[in-house]
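Enquirer: got a sequence here, can you model it:
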Amino acid sequence: MDYCKTIIIKKFGTTQSNIPPEVEVTAEGSTASINIKHNTTIKSITYSFNNGEDLEISDANGKNRIETQIELPNEDTILKIKITDTNKEEYIIEKEFKYDSSVDLEDPKLEMSSVIKISQNISVIATDNEKISCITYKWDDDEEKVIENDGTDEKRMEAKIDLQEGKKKLVVTAIDNSRNKTTQEKDILVVTPPEITLKRSKGELIIRVKDNEEVTKVVYEINGNQYTKENNGDNKKEFEIKELLAKGENIVKVTAYNNHNVTSEKIGKCTY
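Expert: Residues are numbered from 1 along each chain as shown. Next comes the predicted model:
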């Protein structure tokens, strides 16, 4: 994208006494960065493309400095920004962008899941029509980390991200070689699966399940016969089931569920 040499500011209002705001508009790929600094408190900022619908920058009210980014359309575009301050002064900024079809403007695509077992890594997959450069990520307010594309597949990159137990916000950004980027924020819940212990006491199979938060139910099979037991007891973190065994060898399969619907499974043989 190219842009005009001069920013045009038109001023309206009653006092005509304000110093015009400092406005900088630049573009990288399909993203325009807008930096506004004003000596007076801002009431509202709107923008439009080619005199189309006015779109509001929602967090501008009450501030005198705004930094934001917007996506540009894939065509020759006149971006119009209207700034209204608390002195009822209004400023119009217009900037022209020339569309270059040879420039890659397509943003990468991101995929990631939201509920994960602690024993797993979270897999983030980025795809693009051109080369993926890197994936960045950070948990909550931690320092951002960068994973570079190793070149195995230029248009598809998969990153494994180390997990942190609990519920945290993960912010992931995929960036391609044209500096187009896609950012995705997701609340990730990382939980420990239930723990299953199997024991035999005389002619009984004893199933014990523990969980850090709550065991909700246990589904188990003995020699192909399936049973389901809900945990309706007072102790939600521990659940015990006793079941009679048949004479001889018993094939046992147990699946335990917790309150996040995360499961663990154990399969074994028990001879009575």
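Enquirer: for the stretch 51-200 of the chain, what spans make up the strands?
Expert: Assigned by DSSP state E, counting those that start in this stretch, the strands in the stretch 51-200 of the chain fall at 55-56, 65-71, 77-85, 90-98, 109-111, 115-117, 122-127, 132-139, 145-148, 156-161, 166-176, 181-191, 195-201.
Enquirer: give me the mean pLDDT for the fourth one.
Expert: The predicted model gives strand 90-98 an average pLDDT of 87.
Enquirer: what's the answer for the first one, then?
Expert: Per-residue pLDDT values across strand 55-56 average out to 92.
Enquirer: and for the last one?
Expert: Averaging the model's pLDDT scores along strand 195-201 yields 93.
Enquirer: what residues of it count as buried?
Expert: Neighbour counts using 16 or more other C-beta atoms under 10 Å place residue 196 of strand 195-201 among the buried residues. The C-beta positions use only the backbone N, C-alpha and C, and glycine is treated the same way.
Enquirer: quick one on the thing from earlier: among the strands of the stretch 51-200 of the chain, where is the model least confident on average?
Expert: strand 115-117 (a mean of 53).
Enquirer: re earlier: in a markdown table, list the strands of the stretch 51-200 of the chain along with distance to residue 227.
Expert: Listed next are the strands of the stretch 51-200 of the chain as a markdown table, based on distance: least, C-beta to C-beta, whole Å:
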| stretch | distance to residue 227 |
| --- | --- |
| strand 55-56 | 58 |
| strand 65-71 | 55 |
| strand 77-85 | 65 |
| strand 90-98 | 66 |
| strand 109-111 | 37 |
| strand 115-117 | 24 |
| strand 122-127 | 34 |
| strand 132-139 | 40 |
| strand 145-148 | 45 |
| strand 156-161 | 38 |
| strand 166-176 | 33 |
| strand 181-191 | 25 |
| strand 195-201 | 14 |
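Enquirer: what's the closest of those strands to residue 260?
Expert: strand 181-191 (4.9 Å; C-beta to C-beta).
Enquirer: the closest one vs strand 65-71, what angle?
Expert: Computed by axes from the mean of the first three to the mean of the last three C-alpha atoms, to 10 degrees, the angle separating strand 181-191 from strand 65-71 equals 100 degrees.
Enquirer: residues in contact with strand 181-191?
Expert: Under the criterion C-beta atoms under 8 Å, 6 or more residues apart in numbering, residues 29, 31, 107-110, 112, 114-118, 122, 126, 163-175, 212-213, 258, 260, 262 lie in contact with strand 181-191.
Enquirer: residues in contact with residue 22?
Expert: The contact partners of residue 22, by C-beta under 8 Å, 6+ apart, come to 36-38.
Enquirer: how far away is it from residue 64?
Expert: Computed with C-beta to C-beta, to the nearest Å, the distance linking residue 22 and residue 64 is 11 Å.
Enquirer: before we move on, the earlier item: pick the one among the contacts of residue 22 closest to residue 242.
Expert: The closest of the contacts of residue 22 to residue 242 turns out to be residue 36 (C-beta to C-beta; 70.0 Å).
Enquirer: once you drop chain neighbours, what's closest to the closest one?
Expert: Spatial nearest neighbour of residue 36, chain neighbours left out: residue 66 (4.6 Å); criterion: C-beta to C-beta, 6 or more residues apart in numbering.
Enquirer: over to residue 132?
Expert: According to C-beta to C-beta, 6+ apart, the nearest residue to residue 132 is residue 157 (4.3 Å).
Enquirer: tally of neighbours for that neighbour?
Expert: Using other C-beta atoms under 10 Å, the number of residues around residue 157 comes to 25.
Enquirer: residue contacts, residue 268?
Expert: Residues in contact with residue 268 (C-beta under 8 Å, 6+ apart) are 198, 252.
Enquirer: report the distance from the helix or strand containing it to the chain centre.
Expert: According to DSSP states H and E, residue 268 maps onto strand 263-271. On the basis of C-alpha atoms, centre = their mean, to the nearest Å, strand 263-271 sits 36 Å off its chain's mean C-alpha point.
Enquirer: returning to that earlier point: shared neighbours of residue 22 and residue 64, anything?
Expert: The contact sets of residue 22 and residue 64 overlap at 37-38 (C-beta under 8 Å, 6+ apart).
Enquirer: can you list the buried residues in stretch 73-88?
Expert: By 16+ other C-beta under 10 Å, the buried positions in stretch 73-88 come out as 77, 79-85.
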